[in-house]
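Q: Generate a structure from the sequence data that follows.
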Amino acid sequence: MGQLQEQFLKHVEQSQGIIRKVCAAYCFTPSDREDMFQNILVQAWKAFPQFREEAAFSTWLYKIAICTAITANRKANPASTMESKYIDFSEMIDSDQEPKIESRDILRKSFQQLNPAERAMLLLWLEGYSYAETAELLGSTPGAVGVRLNRIKEHLRKFFTLN
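A: Numbering: from 1, shown residues only. Take a look at the predicted model:
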């Protein structure tokens with residue numbers, strides 16, 4: 001095994017949770033999540049020779065994973081809102097405690113109403129990325145990210161209040 005491949009595998013082993021979270025946010029069945037996981041790995045491997053370590057590997061991987069998921073989602077569902085599909089939140093939650101079933105269902109329904117870019121912003125925000133980091137990853141501005149995240153949070157507040 002070459003040195004480049006060893007470095008890549010080491011980085012991926014440490015950061016595979018990122019890929020799993022993105023897959024859980026954009027894929028609705030276990031087989032789709034596994035296919036997306038493999039697709040993200042392929043895209044990351046293709047891009048790895050250009051990885052310059054100017055940013056953390058995890059940040060770089062998030063960008064690859066989100067772009068790959070959004071692109072695949074657009075190809076598969078160009079006009080779909082995906083409201084009737086199921087999202088498995090168990091892979092997106094890092095805590096040892098599972099949320100109650102009712103809470104998970106409400107969270108799933110609210111998340112399904114977000115478009116793919118909003119899902120990406122919310123995932124990054126939940127991971128603790130700053131507006132500037134999120135903007136850089138998604139090709140936006142920090143101000144635009146702040147505005148959209150505030151709208152997403154307001155939408156979620158209203159949704160949870162009604163449910």
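
Q: Give me the below-cutoff pLDDT ranges for the protein.
A: Scanning the chain for pLDDT under 70 picks out 76-105, 108, 163.

Q: How far away from the center of its chain is the lengthiest helix in it?
A: Longest helix in the chain, counting residues (DSSP state H): helix 3-26. Offset of helix 3-26 from its chain centre (C-alpha atoms, centre = their mean, to the nearest Å): 13 Å.

Q: now for that helix, which elements pack on it?
A: The elements that helix 3-26 packs onto, with contact taken as 3 or more C-beta pairs under 8 Å, 6 or more residues apart in numbering; DSSP states H and E, are helix 30-47, helix 57-76, helix 116-126. The C-beta positions use only the backbone N, C-alpha and C, and glycine is treated the same way.

Q: how many degrees apart are it and helix 116-126 in direction?
A: Angle between the axes of helix 3-26 and helix 116-126 is 110 degrees (criterion: axes from the mean of the first three to the mean of the last three C-alpha atoms, to 10 degrees).

Q: Give me the secondary structure label for A55.
A: Secondary structure state of A55, per DSSP: H, G, I helix; E, B strand; the rest coil, is coil.

Q: Which positions within the longest helix of the chain qualify as buried?
A: Neighbour-count burial for helix 3-26, counted by 16 or more other C-beta atoms under 10 Å, picks out 8, 11-12, 15, 18-26.

Q: Kindly report the same for stretch 40-56.
A: For stretch 40-56, by 16+ other C-beta under 10 Å, it's I40, L41, Q43, A44, F48, F51.

Q: Find the centremost residue of this structure, please.
A: Taking C-alpha atoms, centre = their mean, the centroid of the chain lies closest to V22, which sits 3.2 Å from it.

Q: thought L41 was touching R20?
A: No: with contacts counted by C-beta atoms under 8 Å, L41 stays clear of R20, the gap being 11.5 Å.

Q: In space, what's closest to G146 - neighbours in sequence excluded?
A: Y131 (5.0 Å; C-beta to C-beta, 6 or more residues apart in numbering).

Q: give the contact list for the one you found.
A: By C-beta atoms under 8 Å, 6 or more residues apart in numbering, the contact list for Y131 reads P142, G143, V145, G146, L149.
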